[in-house]
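Enquirer: sequence and predicted model, in that order:
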Amino acid sequence: MCVGMRKCGDCKRLLRKGLYEPKSDLCATCERKKSVPRKWRRYTSTSVNNTFVLRRFLAGDGALDPMGYFRSVRDELRQTLQDGVDLHTSFRWLLSASVVFERTVEDISQETRFDFYSGEQILLRVDQIDEQVESAVDRLLTQIQEISERESNFVFKRVFSSTVRLARYNPIGGSSFIVTPKELANKQAIINVKNTDSRCFLYAIASAIHPVEINACRPSIYDPYISEFNVKA
C-alpha cells in the first residue's frame, strides 16, 4: 500500500486519508451509506452492496393523462434521485414507464402494455436533479405520443407504472497494474509500469516525462519522480 493511502474496511478501495471519516476505518461514502438504510427499504436491490437498485411506482386506475401522472410523481422522482446521491454520491440512472394502450380487433377491445425508456443519464451533483428529471419525463411523453400517432389502431388508456433504476458510477476510481494485451505488447511500443498500488496514472505520466531504456516497466525507476506531481484535490 502506498504512503498516504488507506484501504476502506467496506468497499476495499485504496483512497487518500482525506476521504475518510474521522475515527473510522470506512471511507466517507461508505459511512454515508450506513446513515440511510431505513429509507432504502422501499427500494429493491438487485445486487450486493446496493450497486443496482430500483424503485417502482404503481400508477393506479386514475392515471388517464400521462402528463398529469408524471406531474404528480415528479416530487417522488426527485426524492429518489436525492436518495441515490446519499447512497452512491454519483450514479447512472434511467426512468421507464409501463403504459396500457387499447385497440379494437373484430369488435373486441384488447389491452396491450408497452414499456418506454428515457435513456441513461449520469448524475454527479444534486443541482442536476431537476434538469435530469425534466429531460427524462419529456422523453417518455414524446415516445408515448409518437406511438399513439404512428399506430393508429392503438389508443392510450392509462399509465400502469413507472420505475427508476440506479447504478453506482465511479468515474475516477484508481486501479493497479493490468497486463497489456499480447497483440499490443508484441509491438514493444507501450510502457506499462507493473505497479501494485493505485497510482497507475502517475506512473504512466512519469514514464512519459522521464523515459528510460532499461527496466522501463519497473515502478522503482519512477518512484523518485512521483513526488514532483501535485495530486491534491
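Expert: The structure has been received and is ready for your questions. Model, not experiment: these values are computed from the prediction.
Enquirer: was I right to think residue 84 contacts residue 167?
Expert: No - under the criterion of Cβ atoms under 8 Å, residue 84 makes no contact with residue 167, lying 9.5 Å away. (C-beta placed from N, C-alpha, C; glycine too.)
Enquirer: between the two, who's got more neighbours?
Expert: residue 84 (26 against 19; other Cβ atoms under 10 Å).
Enquirer: that's a strand at that one, yeah?
Expert: No - judged by DSSP: H, G, I helix; E, B strand; the rest coil, residue 84 forms no part of a strand; its state is helix.
Enquirer: that one: what's it in contact with?
Expert: Residue 84 sits next to 53, 91, 93, 123, 166 when contact means Cβ atoms under 8 Å, 6 or more residues apart in numbering.
Enquirer: burial count for the first one?
Expert: The reference is to residue 53. Residue 53: 23 surrounding residues under other Cβ under 10 Å.
Enquirer: gap between it and residue 207?
Expert: With distances taken as Cβ to Cβ, to the nearest Å, residue 53 is found 40 Å from residue 207.
Enquirer: same thing with the fourth one?
Expert: Taking Cβ to Cβ as the measure, residue 123 and residue 207 are separated by 35 Å.
Enquirer: how about low-confidence regions in this structure?
Expert: 1-4, 15-23, 28-29, 31-42, 45-49, 171-176, 232-233 (pLDDT under 70).
Enquirer: can you list the domains in it?
Expert: The chain resolves into domains spanning 1-35, 38-168, 182-226 when parsed by automatic domain parsing.
Enquirer: look up how far residue 191 lies from residue 185.
Expert: Counting by Cβ to Cβ - residue 185 and residue 191 are separated by 11 Å.
Enquirer: of the two, who's got more company?
Expert: Between residue 185 and residue 191, residue 191 has the larger neighbour count (other Cβ under 10 Å), namely 16 against 12.
Enquirer: and what about the more buried one, helix, strand or coil?
Expert: Under three-state DSSP, residue 191 falls in the coil class.
Enquirer: if I look at the closest residue to it other than its chain neighbours, how far off is residue 190?
Expert: The shortest distance from residue 191 to any non-neighbouring residue, by Cβ to Cβ, 6 or more residues apart in numbering, is to residue 207 (4.5 Å). Residue 207 sits 10 Å away from residue 190 when distances are taken as Cβ to Cβ.
Enquirer: which one's more surrounded, the two?
Expert: More neighbours surround residue 207 than the other of residue 207 and residue 190, with 20 against 12 (other Cβ under 10 Å).
Enquirer: assumed the more buried one was part of a helix.
Expert: Yes - according to three-state DSSP, residue 207 belongs to a helix.
Enquirer: report the contact partners of it.
Expert: Taking Cβ under 8 Å, 6+ apart, we find residue 207 in contact with 191, 193, 216, 222.
Enquirer: out of those residues, which is most surrounded?
Expert: With neighbours taken as other Cβ under 10 Å, the top of those is residue 222, carrying 23 neighbours.
Enquirer: I'd guessed it sits against residue 208; true?
Expert: No - checked against Cβ under 8 Å, the pair residue 222 and residue 208 is beyond contact range at 10.1 Å.
Enquirer: what are the ranges of the strands in the protein?
Expert: 5-7, 14-16, 44-45, 52-58, 91-105, 108-117, 121-123, 155-168 (DSSP state E).
Enquirer: by contact count, what packs against the longest one?
Expert: Here strand 91-105 touches helix 66-88, strand 108-117, strand 121-123, helix 129-150, strand 155-168, going by 3 or more Cβ pairs under 8 Å, 6 or more residues apart in numbering; DSSP states H and E.
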